[in-house]
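Asks: structure for the following, please:
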Amino acid sequence: MYTDDALASVYQHYLTMEPYSQEDPHTYQLSAKVGSGQIKRVTTYSGIEILCSQVEYQQPYPTYFASETPIVELQFALSGERHVDISGEDYSLSIGQGALIFMHNFEAWFHPPAKELYTSFSLGIPIPLFNYAAAQLSTMNSLQFKQILGDRVFKPIVFQLDSRIQWMIDSLIAALNNNDRSCLLMEATALEILNRFMIQLFDISPLPAGFSREDIRRLYLAREIMEASMVDPPSLLCLSKQVGLNDFKLKKGFKALFGSTVFEHLRQVRLNQAMKLLLHQGNNVTEAAVTVGYNNISAFSQQFHRTFGVKPSEVKKIY
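Replies: Predicted structure coming up:
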């Protein structure tokens, strides 16, 4: 397993400071003296740190932390609001937002909310992995960690969450709380989240000529609608009317922007959700298929096997 020892050391140090203590290799418990809850942690094969914090403090409990190690982290605010003073700069993330955070040689005071459940999710990204991904995406400019951070010690880039990212976060949180988790699937999901945020970071829009930024916004809306209505999706004609694009632009633009047709994307979203239901919710094959919008169980099983290389009836046996 590849691990960024410096990154892993930073997280281990932070998670074992007062008022937390390590209960097992993946669980860090908040002291009952100050509140309740815990932080779950898994380190993937490529060294990505996956963490979910679900805690409630009885009273204000500011904590101090400092590190010279360069850090790239994806953060997501799910409930409650925590304020952080990082080297004199005030930072907070609103519920429903995500941020790509760059830090180096920083000092921070963390101020979690009191008497309110605070839930956050984060991915710590090894610098070599980030630089590798950046080199693949930034074809016009060879941007790496140092160029993005410049002479600052802290730089956040805030994004809005779409339903696909929210689903992937939920999937990873469920896996963190499941002793039968599949680390391979967790790694794949974490990498997809990173990739989606980095595409936004570098503003990559692989669209043919004739598509405006407004067209792109409408295409993202089309994807959002399809993901939110996967059980009973609109037809292409209805979808084009909903987002204000003609049928030709919708089909051509969607394929160029997302790398698949509208209904290929819908199929993948359905199958991903079915995998989650089979793995973490205890659904049988028929229940999972019907829940995500399939009426033909045989067709569902064939597509599932073609996508994941395993029959849906064998998921629990393998993972």
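Asks: residues making contact with stretch 156-170?
Replies: Residues from elsewhere that reach stretch 156-170, judged by CB atoms under 8 Å, 6 or more residues apart in numbering: 76, 78, 91, 93, 96-102, 121, 189, 192-193, 196-197, 200-201, 220, 223-224, 227-228, 269, 272-273, 276. Backbone N, C-alpha and C define where each C-beta goes, glycine included.
Asks: out of those, list just those in strands.
Replies: Among these, the members found in strands (DSSP state E) are 76, 78, 91, 97-102, 121.
Asks: thought residue 291 was touching residue 274?
Replies: Yes - Residue 291 is within contact range of residue 274, at 7.5 Å (criterion: CB atoms under 8 Å).
Asks: helices of the protein, start to end?
Replies: For the chain, the helices defined by DSSP state H occupy 5-15, 127-137, 145-149, 163-176, 183-201, 213-228, 236-243, 247-258, 262-280, 285-291, 297-308, 315-318.
Asks: domain parsing of the chain, as residue ranges.
Replies: Split into domains by automatic domain parsing, the chain comes to 5-200, 205-259, 265-318.
Asks: these two touch, right, residue 47 and residue 132?
Replies: No - with contact defined as CB under 8 Å, residue 47 does not reach residue 132; the gap is 11.7 Å.
Asks: the closest residue to residue 19 other than its chain neighbours and residue 63, how far apart?
Replies: Of all residues not flanking residue 19 in the chain, residue 31 sits nearest, at 4.0 Å (CB to CB, 6 or more residues apart in numbering). As for residue 31, its distance to residue 63 is 12 Å (criterion: CB to CB, to the nearest Å).
Asks: which ones are touching residue 311?
Replies: When contacts are counted by CB under 8 Å, 6+ apart, residue 311 touches 301, 304-305.
Asks: columns neighbour count on top of those, output as a markdown table?
Replies: Formatted as a markdown table, the contacts of residue 311 follow (neighbours: other CB atoms under 10 Å):
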| residue | neighbour count |
| --- | --- |
| 301 | 17 |
| 304 | 24 |
| 305 | 14 |
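Asks: and these, which is closest to residue 295?
Replies: residue 301 (12.9 Å; CB to CB).
Asks: neighbours of the closest residue to that closest one other than its chain neighbours, how many?
Replies: Distance criterion CB to CB, 6+ apart; nearest residue to residue 301, sequence neighbours excluded, is residue 312 at 5.6 Å. Using other CB atoms under 10 Å, residue 312 has 25 neighbouring residues.
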